[in-house]
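K.L.:
Mind looking at a prediction? Sequence and model below.
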Amino acid sequence: MNDLLLSAAKNPLLKNILSSAGVPTPVSLKRQEGALSATPLKDQRLAFFSLDQKAPEALLAALSEKGANVLSYLPVSKELQSKLVAFGRHIARLDNLGEADKLDALVFDGSKIQSVSDLEPLYRFFHAHLARVVANGRIVVIGAESVAGDSTFARALEGFTRSIAKETGARGITANLILHSGHAEDILVGPLTFFLSKASCYVTGQILALSKDAVKPKSIPQAQSLAGKVALVTGAARGIGAKIAAALAAEGAHVVCLDRAQEAEALAETARRLDAHIFHQDLSEKNAAEKIAAYFKTKFQGCDIVVHNAGITLDKTLKKMPVESWQRVMDINLRAPMEITHRMLQDNALKNEAHIVCLSSIAGIAGNFGQTNYSASKAALRGFVAAMANEMAKINGTINAVAPGFIETRMTESIPFVTREVGRRLNNLGQGGRPEDVAQVVSFLAQPASFAVSGQTLRICGGSLLGA
Ligand code: NAD
């Protein structure tokens, strides 16, 4: 993980030299270390704007409870203000800001946009406040997927968010859009908190659509949100899988780390650190799904979280690719997640409110030279999660995919220097992500607070220009 530009940016002298030579240096991203606390937005100064005349008080209360200092143009009730005293917070007036006042986050609720003129406040709000946002700040736009079946203005919000993400990325600021199909404040709290928190530091320029029929879980803990849950992570011996296992364990889950027998040593090391169970299994074996379902049913009376992380690449241009490379990539990257999911559902090995996350890839969105097999398998997972969302809804569960972009791993370290530099910089944030960044997003999708997110593929790519 030797990013010379990122290291140079930490040295003021080198940074000045590079900047006078016209070389932009990326901002060091502020990352979430370990589990999210009950107040992940602690002391975040957050400006909230809504086209609605009435403040969404439940949402503002939830953000304040999570530690944010909210400022708004909207009048709020005395009841809300006195409720917030308990968290040491109150909603301040946004029009009282001084010239030099800074903000950590801007949230614009455009759910009520119904005409071209309604879009103008979007310009006015960001024009007035964008320069106040500090490095590593957050922008979240909220919109309705459609108004009376018309998604014209949802698309406008999409274009706006993707562009503002490009304009602010050099300062480590992320901008994302949440689209909902009915303005229920409680479905917004989890996704909004996630996008405002450090856990989403490598997610920008993305659109997250919320399901309108989602059933709120029995409980959404404020901290240690996976306590008492059992999680399976495939390919957990090393790389991204090991970090996902660690992130889930940090949130209180009991993790079962699965990998091939030849990875026994690395797997044992990961499991030892997390006090996790070990499951030796080659996922390309015919009866793998059956064995996994039976294991969780008998040992834990079912599984709460499944992360289909194990994956391989066997790259060759199509003309030179032997059929075995096609088959093996499909077996591990696609057949295994599909069969395990179906089998666990069929055998009741998934508990009520279970969450499934598949590791797709940006190659499954943009395609990649020499990766027809890999890209097809990873793109298929996007379709798979979309298709399975209804099935998972029957057990009040969710299924989603994440699509990592350029992540600093052993794999990317071995790419030739120039290609690696291009890969690293071709995104809004001007740097590669880390396995921990992927793990934080997977952890969010495994948590009860993400109950309204299903059938989605969320990119973790710093707003990569590939497949944009
Ligand atoms: P990795 O090669 O470091 O780890 C993959 C793990 O999967 C290994 O522990 C391996 O032993 C295990 N595995 C492979 N075949 C298996 C099998 N037949 N049965 C059981 N386990 C098996 O990979 P990584 O970089 O950590 O990637 C993890 C996932 O993220 C993969 O699905 C990959 O496609 C995806 N991804 C990675 C990147 C990246 O930049 N590294 C980008 C996009 C997507």
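P.N.:
Here it is on my side, so go on.
K.L.:
From now on I want contacts and neighbour counts done on CA atoms only, so please keep to that.
P.N.:
OK.
K.L.:
So S360 sits against A376, correct?
P.N.:
No - judged on C-alpha atoms under 8 Å, S360 makes no contact with A376 at a distance of 10.1 Å.
K.L.:
The ligand contacts on the protein?
P.N.:
235-241, 259-260, 263, 281-284, 309-312, 332, 359-361, 404-407, 409, 411 (C-alpha under 6 Å from any ligand atom).
K.L.:
So S360 and A376 - more neighbours on which side?
P.N.:
Set S360 next to A376 and count neighbours by other C-alpha atoms under 10 Å: S360 wins out with 30 against 20.
K.L.:
what packs against the helix or strand harbouring L60?
P.N.:
Assessed by DSSP states H and E, L60 sits inside helix 57-65. When contacts are defined as 3 or more C-alpha pairs under 8 Å, 6 or more residues apart in numbering; DSSP states H and E, helix 57-65 sits against strand 69-72, helix 78-84, helix 185-196.
K.L.:
for the second one, packing partners?
P.N.:
Yep, that's helix 78-84 we're talking about. For helix 78-84, the packing partners by 3+ C-alpha pairs under 8 Å, 6+ apart are helix 57-65.
K.L.:
got the angle for the helix it packs on vs helix 185-196?
P.N.:
Here the directions of helix 57-65 and helix 185-196 differ by 30 degrees (axes from the mean of the first three to the mean of the last three C-alpha atoms, to 10 degrees).
K.L.:
Name the residues that touch helix 57-65?
P.N.:
With C-alpha atoms under 8 Å, 6 or more residues apart in numbering as the test, helix 57-65 has contacts from 39, 41, 70, 76, 80, 84, 87, 89-90, 185-186, 188-189, 193.
K.L.:
which of the residues you listed are buried?
P.N.:
39, 41, 70, 76, 84, 89-90, 188-189, 193 (16 or more other C-alpha atoms under 10 Å).
K.L.:
Taking those together, which two end up most distant?
P.N.:
T39 and V76 (22.0 Å; C-alpha to C-alpha).
K.L.:
Name whatever forms a beta bridge with H254.
P.N.:
V230 (DSSP bridges).
K.L.:
For it, which residues are in contact?
P.N.:
Counted by C-alpha under 8 Å, 6+ apart, H254 has contacts 227-231, 248, 275-276.
K.L.:
Using ChimeraX, make a named selection holding only the buried ones among the residues you listed.
P.N.:
Selection of buried members from the contacts of H254 for ChimeraX, criterion 16+ other C-alpha under 10 Å:
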select :229,230,231,248,276
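K.L.:
is it possible to export the contacts of H254 to TSV including pLDDT?
P.N.:
As requested, the contacts of H254 are exported to TSV (pLDDT from 0 to 100):
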residue	pLDDT
A227	97
G228	97
K229	98
V230	98
A231	98
L248	98
D275	96
A276	98
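K.L.:
angle of the longest strand seen in the chain against helix 185-196?
P.N.:
When the chain is parsed with DSSP state E, its longest strand is strand 133-144. Comparing the axes of strand 133-144 and helix 185-196 via the same axes, to 10 degrees yields an angle of 150 degrees.
K.L.:
Can you list the strands that strand 133-144 pairs with?
P.N.:
strand 103-109 (parallel), strand 174-180 (parallel).
K.L.:
Give me the domain ranges for the chain.
P.N.:
Structural domains of the chain, as assigned by automatic domain parsing, span the residue ranges 1-30, 39-209, 230-460.
K.L.:
ok, and which of these has the densest surroundings?
P.N.:
Between the domains of the chain, domain 230-460 has the highest mean count of neighbours, a mean of 21, where neighbours are mean count of other C-alpha atoms under 10 Å.
K.L.:
centre of the chain versus that one, how much separation?
P.N.:
14 Å (C-alpha atoms, centre = their mean, to the nearest Å).
K.L.:
can you give me the end-to-end distance of that domain?
P.N.:
This stretch, domain 230-460, spans 25 Å end to end (C-alpha to C-alpha, to the nearest Å).
K.L.:
From M330, how far out is N373?
P.N.:
If you go by C-alpha to C-alpha, the gap between N373 and M330 works out to 7 Å.
K.L.:
Tell me the residues that contact both of the two, please.
P.N.:
Between them, N373 and M330 share no contacting residue, judged by C-alpha under 8 Å, 6+ apart.
K.L.:
So which residues of the stretch 351-468 of the chain form helices?
P.N.:
Here the stretch 351-468 of the chain has its helices, by DSSP state H, counting those that start in this stretch, at 363-366, 372-393, 410-413, 417-425, 435-446.
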